[in-house]
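Enquirer: When you get a sec, could you give me coordinates for this:
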Amino acid sequence: MDEILAFTRALMDQTGLAHFWWGNLVMIVIGCVAIYLAISKRYEPLLLVGIGFSCIISNVPGSDLILPGGLFYYAYQGVALLIVPPLIFFGVGAMTDFAPMIANPKLVILGAAAHLGIFVALIGAKLLGFTLSESGAIGIIGGADGPMAIFVTMKLAPHLLPQVSVAAYSYMALMPLIQPPVMKLLTTRKERLIRMKQSRQVTRLEKIVFPIVIGIIVNLFFPPVAPLITMLMLGNLFRESLVVDRLAKTAANDLMNVIIIILTVAIGSTMSADRFLTVDTLLIVLLGLVAFVFGTASGVVGAKVMNLFLKEKINPLLGSAGIASVPIAARVSHIVALSEDKENYLIYHAMGPNLAGVFGTAISGGIMLALIGVK
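Expert: Numbers count the residues shown, from 1 in each chain. From the prediction side, this is the model:
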């Protein structure tokens with residue numbers, strides 16, 4: 001009998017069951033919840049399905065996902081070496097129409113107003129004992145720009161990449177849950193019913209000149225984040241030039257789909273229980289939530305302040321779209337407006353501050369890298 005028990009114990013030691021602990025179970029449940037939200041609630045399934053599945057597998061003891069030879073390992077290397085973030089911006093640029101921002105430039109202000117959360121989270125992290133570099137990486141979560149969060153974190157605090165990237169992308173996916181209560185709390189029904197007038201038609205020349213001018217400006221004044229914005233503008237120039245349709249479609253579709261797979265697998269594979277079930281991770285997640293709430297609130301309040309000086313009022317719901325998550329934040333503003341008035345279509349107008357938010361996050365990240373120091 002003793003020999004049988006010894007053999008059984010030795011056999012168990014060769015499996016992952018011997019190393020399974022309650023933390024693995026917690027993270028597996030979290031992964032299942034992510035998949036449930038993606039499938040049942042349709043909360044950004046392109047992100048949550050891959051992240052959720054990878055989170056589950058990474059918490060099966062013995063899986064060794066991050067060892068060389070598998071997709072999970074190489075996917076993470078693409079993120080850690082900062083190959084994936086610029087490619088994401090390239091694809092986003094190829095699928096994005098900047099006309100809403102060009103047509104109504106005053107809404108660009110909302111792209112700046114909605115970034116208070118970044119600095120609130122930065123200050124909060126510093127007060128909680130994180131270093132200045134770590135605080136900068138945590139603060140950038142509030143910009144709701146996943147690639148920018150990865151880029152800045154790898155420069156300032158690479159050891160926090162798993163926590164920051166997961167927090168950034170998870171909150172981006174959950175914005176339909178986080179933003180509406182804040183938006184409704186800070187606005188009256190009368191304000192939410194404001195309809196925006198149709199924007200002017202943007203010429204093709206303006207669309208072509210825009211990425212070129214922005215590329216020059218960013219490389220001149222914000223070189224720390226220039227790789228991302230440069231690729232964003234290149235992708236957009238491919239789209240607007242109308243002479244490289246095949247390349248633009250590849251960047252916006254096939255390439256982007258491949259990069260999303262790599263990104264979500266890389267993020268989910270870092271969500272191991274021993275790394276995530278810590279006090280610091282909990283603090284980072286909470287600070288990320290605070291950043292999103294403050295960013296949404298400051299955007300809405302910024303729109304209300306603008307209305308004090310505008311003869312033609314704007315719908316304050318557009319302020320929350322100033323968060324950089326494209327097009328999720330714009331879509332949330334649109335949905336909240338539709339819940340009050342089924343014929344109030346804000347999506348086109350919301351894309352203006354939403355796209356401006358990308359530049360707002362880039363500027364914030366550039367300032368952090370310049371002041372705190374690029375490692």
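Enquirer: what about residue 176, how many residues close to it?
Expert: Using other Cβ atoms under 10 Å, residue 176 is surrounded by 18 other residues. (Glycine included, C-beta is placed from N, CA and C.)
Enquirer: That one contacts residue 43, doesn't it?
Expert: Yes: at 6.2 Å, residue 176 and residue 43 qualify as touching, with contact defined as Cβ atoms under 8 Å.
Enquirer: For the nearest residue to residue 186 once chain neighbours are set aside, report the pLDDT, please.
Expert: Closest residue to residue 186 apart from its sequence neighbours, by Cβ to Cβ, 6 or more residues apart in numbering: residue 300 at 4.6 Å. Residue 300 carries a pLDDT value of 94.
Enquirer: measure stretch 104-117 end to end?
Expert: Start to finish, the residues bounding stretch 104-117 are 24 Å apart (Cα to Cα, to the nearest Å).
Enquirer: Now do that stretch: distance to the chain's middle.
Expert: 17 Å (Cα atoms, centre = their mean, to the nearest Å).
Enquirer: now stretch 132-151
Expert: The chain centre lies 10 Å from the centre of stretch 132-151; the measure is Cα atoms, centre = their mean.
Enquirer: quick one: average confidence on that stretch?
Expert: Averaging pLDDT along stretch 132-151 gives 89.
Enquirer: Ends of that stretch, what's the gap?
Expert: Per Cα to Cα, stretch 132-151 runs 17 Å from first to last residue.
Enquirer: now for the helix or strand harbouring the residue nearest to residue 186, which elements pack on it?
Expert: Per DSSP states H and E, residue 300 falls inside helix 279-307. Packed against helix 279-307 by the contact rule (3 or more Cβ pairs under 8 Å, 6 or more residues apart in numbering; DSSP states H and E) you find helix 108-113, helix 116-127, helix 132-139, helix 161-173, helix 175-185, helix 317-320.
Enquirer: how much does that helix deviate in direction from helix 132-139?
Expert: 60 degrees (axes from the mean of the first three to the mean of the last three Cα atoms, to 10 degrees).
Enquirer: In the stretch 51-200 of the chain, where is pLDDT below threshold?
Expert: Scanning the stretch 51-200 of the chain with the threshold set as pLDDT under 70 gives 63-67, 69.
Enquirer: Just the buried positions in the helix holding residue 300, please.
Expert: The neighbour-count check on helix 279-307 (16 or more other Cβ atoms under 10 Å) flags 280-281, 283-285, 287-304, 306-307 as buried.
Enquirer: That one versus helix 161-173: what angle between them?
Expert: Orientation check (the same axes, to 10 degrees): helix 279-307 against helix 161-173 gives 40 degrees.
Enquirer: how far does helix 279-307 sit from the chain's center?
Expert: 14 Å.
Enquirer: got it, and stretch 309-318?
Expert: How far stretch 309-318 lies from its chain's middle: 26 Å, per Cα atoms, centre = their mean.
Enquirer: returning to what we had before: so the residue nearest to residue 186 makes contact with residue 315?
Expert: No: using Cβ under 8 Å, residue 300 makes no contact with residue 315, being 10.1 Å away.
Enquirer: Give the intersection of the neighbour lists for these two.
Expert: Overlap of the contact sets of residue 300 and residue 315 (by Cβ atoms under 8 Å, 6 or more residues apart in numbering) is empty.
Enquirer: Which residues are in contact with residue 59?
Expert: 23, 24, 25, 27, 28, 31, 271, 272, 273.
Enquirer: Can you give me the separation between the residue nearest to residue 186 and residue 155?
Expert: Distance, residue 300 to residue 155, using Cβ to Cβ, to the nearest Å: 31 Å.
Enquirer: and the residue lying closest to residue 218 once chain neighbours are set aside, how far is that from residue 135?
Expert: Nearest residue to residue 218 in three dimensions, chain neighbours excluded: residue 229, at 4.4 Å (Cβ to Cβ, 6+ apart). To residue 135, residue 229 is 23 Å away according to Cβ to Cβ.
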